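[1] let's see this in three dimensions:
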Amino acid sequence: MYFPYIRGRQFDLLALRELVGKNLLHEQIIPVIEPVNLSSTLISTIAQFNTMKHTLAVIRNPEVGSFLEEFGSLDGAIGNASKKQDFIASIQQPTVLQALIMNNETPRILSELAVLGIQKQDLVVVLSDRDMLKPYQNLFASAAPRYTVIPDEGTFRRNIATNKVLLTDCFQRQERNADYSHKEDEPFSDTYQYYADEGYVGFGDYSIIGDDYNASGFAPYAVAIHLVYPAKDNSLRVRHFVSDSNEDISNPAQKFYQALRKLVRWYEEERAVPLTMGLKTLLNHFKDETYPGLGSLKKLTIMHHLELMGKLLDGGLFV
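    Predicted coordinates:
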């Protein structure tokens, strides 16, 4: 099984919502959503998964963004209180796995969940802090979580024996988009080849976003398109297509088209990747000379990656 770790920013969520709504998200893909704010997009995305009866996990104690602050305050507008009620209703459906980041707040949340009839063995636990390993072992000594998501480190591998999911940051993030032109093609992941042999029940990554979280957006000097594709050695690689006119932040549509032209040329020459819905939409933007905005570009590349992983799980990606 594949567990993409998705921080709940708008276009990341829209990628999930669109894929599951069109029945393009493989049944063995279980997204783990760490909410960053209490948004209508978050609620509608979870609702879409519930409608399609597709399993996902939602973290109850996120460590990034303003979600906990927004969720904990009912003193604001009536609409915010309504959002809170809608969110609570959405995550109480059988489709949703309750997930926790293992930290100092975990014992309290476990007690609250137990009152609701949610047992430890029903949970997804994200364990990445070495200082939390001993508290984890104490809390879950009698009943292991349904899934424990851990990094690729020996300390965790040696101490977590059952139901473990391997989470790796496969994306080599650069400080500036223009820097991706220095290495246009690089390895992404081969985890799917060995995770089961090493005792894991699943594997995950941070898609083409990476683990770093930055709440503030900015106007980039360069536009970069990141496309994951299957390599001849049966691994996954990522190719970067970078714009040319990168001296200032003007004309992002032109920068997008410059990068997209490189993608189209590579796709037509190599045919190295299946035509997913995300990729097809990008090709159509080139043909129609339309600019969807940088947020939609991010959405489409995430969609492409997740649909590609579904083809991998079906065994039809490498032929």
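[2] helices of the stretch 51-200 of the chain, start to end?
    For the stretch 51-200 of the chain, the helices defined by DSSP state H, counting those that start in this stretch cover 67-72, 78-91, 106-115, 133-139, 154-159.
[3] adding mean neighbour count and distance to residue 46, write those helices out as TSV.
    Glycine gets a C-beta too; all of them are placed from N, C-alpha and C. As requested, these are exported to TSV (neighbours: other Cβ atoms under 10 Å; distance: least, Cβ to Cβ, whole Å):
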stretch	mean neighbour count	distance to residue 46
helix 67-72	16	13
helix 78-91	15	4
helix 106-115	13	17
helix 133-139	15	26
helix 154-159	13	28
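[4] got TSV for the ones you listed, with mean pLDDT and distance to residue 179 too?
    Below are the helices of the stretch 51-200 of the chain laid out as TSV (pLDDT from 0 to 100; distance: least, Cβ to Cβ, whole Å):
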stretch	mean pLDDT	distance to residue 179
helix 67-72	83	31
helix 78-91	81	38
helix 106-115	90	38
helix 133-139	95	35
helix 154-159	92	31
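[5] distance to residue 210 added to those, as a markdown table?
    A markdown table is the format used below for the helices of the stretch 51-200 of the chain (distance: least, Cβ to Cβ, whole Å):
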| stretch | distance to residue 210 |
| --- | --- |
| helix 67-72 | 20 |
| helix 78-91 | 26 |
| helix 106-115 | 25 |
| helix 133-139 | 24 |
| helix 154-159 | 20 |
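[6] those helices: which one's closest to residue 23?
    Smallest distance to residue 23 across those (Cβ to Cβ): 19.7 Å, for helix 78-91.
[7] contacts for that closest one, please.
    38-40, 42-43, 46-47, 50, 58, 70-71, 73-74, 96, 98 (Cβ atoms under 8 Å, 6 or more residues apart in numbering).
[8] greatest separation within the residues you listed: which pair is it?
    50 and 73 (25.6 Å).
[9] more neighbours, these two?
    Regarding residue 50 and residue 73, a neighbour count based on other Cβ atoms under 10 Å identifies residue 50 as having more, with 19 against 12.
[10] look up how far residue 71 lies from the closest residue in space to residue 174 that isn't next to it in sequence.
    Distances taken as Cβ to Cβ, 6 or more residues apart in numbering put residue 180 closest to residue 174, at 5.5 Å, once the chain neighbours are dropped. Distance, residue 180 to residue 71, using Cβ to Cβ, to the nearest Å: 36 Å.
[11] likewise for residue 307?
    Look at residue 307 and residue 71: by Cβ to Cβ, they are 31 Å apart.
[12] now residue 296
    Counting by Cβ to Cβ, the gap from residue 296 to residue 71 is 28 Å.
[13] and if you look at residue 60?
    10 Å.
[14] returning to that earlier point: to residue 171, which of the helices of the stretch 51-200 of the chain lies closest?
    Short answer: helix 154-159, nearest of the helices of the stretch 51-200 of the chain by Cβ to Cβ, at 20.6 Å.
[15] touching the closest one from outside, list them.
    Looking at what lies outside helix 154-159 - Cβ under 8 Å, 6+ apart - the contacts are 127, 128, 130, 133, 137, 150, 164, 198.
[16] quick one: residues contacting the third one.
    Contacts for residue 130 (Cβ under 8 Å, 6+ apart) come out as 155, 156.
[17] per-residue pLDDT, it?
    Per-residue confidence (pLDDT) for residue 130: 95.
[18] any stretches of this structure with poor pLDDT?
    73-80, 215-217, 318-319 (pLDDT under 70).
[19] which residues in it form strands?
    Assigned strands in the chain, in chain order: 5-7, 32-34, 56-59, 96-101, 124-126, 147-151, 164-168, 185-189, 202-205, 224-230, 236-242 (criterion: DSSP state E).
[20] now those strands in TSV, with mean neighbour count?
    TSV is the format used below for these (neighbours: other Cβ atoms under 10 Å):
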stretch	mean neighbour count
strand 5-7	23
strand 32-34	23
strand 56-59	24
strand 96-101	21
strand 124-126	26
strand 147-151	23
strand 164-168	22
strand 185-189	16
strand 202-205	24
strand 224-230	23
strand 236-242	22
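[21] distance to residue 84 added to those strands, as TSV?
    Below are the strands of the chain laid out as TSV (distance: least, Cβ to Cβ, whole Å):
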stretch	distance to residue 84
strand 5-7	20
strand 32-34	17
strand 56-59	14
strand 96-101	16
strand 124-126	22
strand 147-151	26
strand 164-168	29
strand 185-189	37
strand 202-205	28
strand 224-230	35
strand 236-242	38
